[in-house]
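**Student:** below is the sequence, then the predicted model.
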Amino acid sequence: MSSSRKVVELFYDVVSPYSWLAFEVLCRYRNVWNIDLKFKPAFLPGVIYGSGNQPAGMNPSKLTYIVSDLTLLSEYFGVPMFRPSDLSDKDTLSAMRFVTALAEKEKEGDMLVERVSRELWKRKWRTHQDITQPASLTEAGLKAGLSANVVKEILSLSKSQPIKDKLKSVTQEALEYKVSAFNLHLCTLCLAHQKIFVVEKYNKMSLHIFPPFLQCFGFPFIVCQVNGKAKVFFGSDRFELMAYFMGNYNGLGIY
Ligand SMILES: N[C@@H](CCC(=O)N[C@@H](CS)C(=O)NCC(=O)O)C(=O)O
């Protein structure tokens with residue numbers, strides 16, 4: 001067993017309920033897996049549109065599935081959440097700038113980022129309270145244990161250009177996080193397979209259609225690093241694979 005540290009980075013936005021599930025599960029596993037868990041507050045619309053993806057809600061069948069999926073998942077993971085009646089959705093830009101400002105101020109240790117993010121998720125997905133207005137962010141910050149002075153400082157910092165730029169750059173970091181999807185052998189096979197498939201279907205080559213890299217297209221986006229290798233995972237439903245990749249899996253279950 002190698003002694004090298006296992007690092008797990010979680011890119012998230014509090015607009016994303018699946019990210020909340022991943023966040024809570026990773027917080028629970030943090031000590032069991034002995035990982036350095038790093039929170040990477042980012043902006044979901046930036047990765048959806050930046051990667052050429054589309055919001056899941058644009059497809060009515062997918063939206064109906066998501067509502068049913070989240071109802072069961074929230075019970076399963078013990079993270080109560082309820083579908084907001086108003087899905088017209090105010091965005092989470094100010095909230096994510098607030099968390100980014102806190103992360104920048106905190107630098108060492110993510111305890112407050114963890115607590116404030118949880119409060120924001122609770123407001124958005126459990127109690128259906130606003131998270132767009134300064135008064136709402138203040139309330140969340142105080143509830144998470146920040147002092148009134150720190151909340152004031154973070155609110156003002158969150159409107160500054162360096163913090164706006166920082167949120168953009170973390171979002172961009174997720175978009176540019178290229179990790180090789182296959183080893184060379186599998187990659188060759190895969191590309192050959194795609195070539196055959198596309199030649200049959202469209203009568204043209206497709207070697208450039210599917211790059212052999214995995215990049216972020218949605219949240220939660222989780223990067224696991226161990227022994228100088230990295231793998232990226234999309235979703236709150238990949239924990240067994242993450243455990244397997246990091247050597248925390250005994251073939252029967254996660255330990
Ligand atoms: N199966 C994933 C679904 C995660 C998911 O749908 N995330 C949304 C944001 S809440 C997203 O980014 N979707 C982009 C996509 O599905 O392409 C899970 O269980 O976590």
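**Tutor:** Thanks, I have the structure now. Keep in mind it's a predicted model, so treat the numbers as computed, not measured.
**Student:** thought A144 was touching K122?
**Tutor:** No: using Cβ atoms under 8 Å as the test, A144 is too far from K122 to be in contact (9.9 Å). The way it works is simple: take the backbone N, C-alpha and C, and place the C-beta from them, glycine included.
**Student:** near the ligand, which residues of this structure?
**Tutor:** Neighbours of the ligand within the chain, by Cβ under 6 Å from any ligand atom: 16-18, 53, 56, 217-219, 235-237.
**Student:** rerun that using 5 Å as the cut-off
**Tutor:** Contact residues (Cβ under 5 Å from any ligand atom) of the chain with the ligand: 16, 18, 56, 218-219, 235-237.
**Student:** narrow these to just the buried residues.
**Tutor:** Among these, the ones that count as buried by 16 or more other Cβ atoms under 10 Å are 16, 18, 218-219, 235-236.
**Student:** closest residue of the chain to the ligand?
**Tutor:** G218 (2.3 Å; Cβ to the nearest ligand atom).
**Student:** for that residue, which residues are in contact?
**Tutor:** 16, 44, 47-48, 51, 53, 56, 234 (Cβ atoms under 8 Å, 6 or more residues apart in numbering).
**Student:** so it belongs to a strand, correct?
**Tutor:** No: G218 sits outside any strand when classified using DSSP: H, G, I helix; E, B strand; the rest coil, being coil.
**Student:** so how far is G57 from it?
**Tutor:** 12 Å (Cβ to Cβ, to the nearest Å).
**Student:** joint contacts of the two?
**Tutor:** Counting by Cβ under 8 Å, 6+ apart, nothing touches both G218 and G57.
**Student:** let me see the domain layout of this protein.
**Tutor:** For the chain, automatic domain parsing gives the domain ranges 6-178+216-245, 181-214.
**Student:** which of those is buried the deepest?
**Tutor:** For the domains of the chain, the largest average neighbour count (mean count of other Cβ atoms under 10 Å) is found in domain 6-178+216-245, namely a mean of 17.
**Student:** between the two ends of that domain, how far is it?
**Tutor:** 10 Å (Cα to Cα, to the nearest Å).
**Student:** now stretch 117-136
**Tutor:** Span of stretch 117-136 from end to end, Cα to Cα: 13 Å.
**Student:** contacts for it next, please.
**Tutor:** 12, 14-15, 17, 20, 23-24, 39, 41, 80-82, 84-86, 90-92, 94-95, 98-99, 137, 139-141, 143-144, 155.
**Student:** with stretch 157-175 instead?
**Tutor:** The contact list for stretch 157-175 (Cβ under 8 Å, 6+ apart) reads 11, 40-43, 46-47, 50-51, 94, 96-98, 100-101, 104-105, 137, 215-216, 221.
**Student:** mind listing which of these are in helices?
**Tutor:** 46-47, 50, 94, 96-98, 100-101, 104-105, 137 (DSSP state H).
**Student:** export these as TSV, with columns for pLDDT.
**Tutor:** As requested, the ones in helices among the contacts of stretch 157-175 are arranged in TSV below (pLDDT from 0 to 100):
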residue	pLDDT
G46	96
V47	96
G50	93
S94	97
M96	98
R97	98
F98	98
T100	98
A101	97
E104	95
K105	92
L137	98
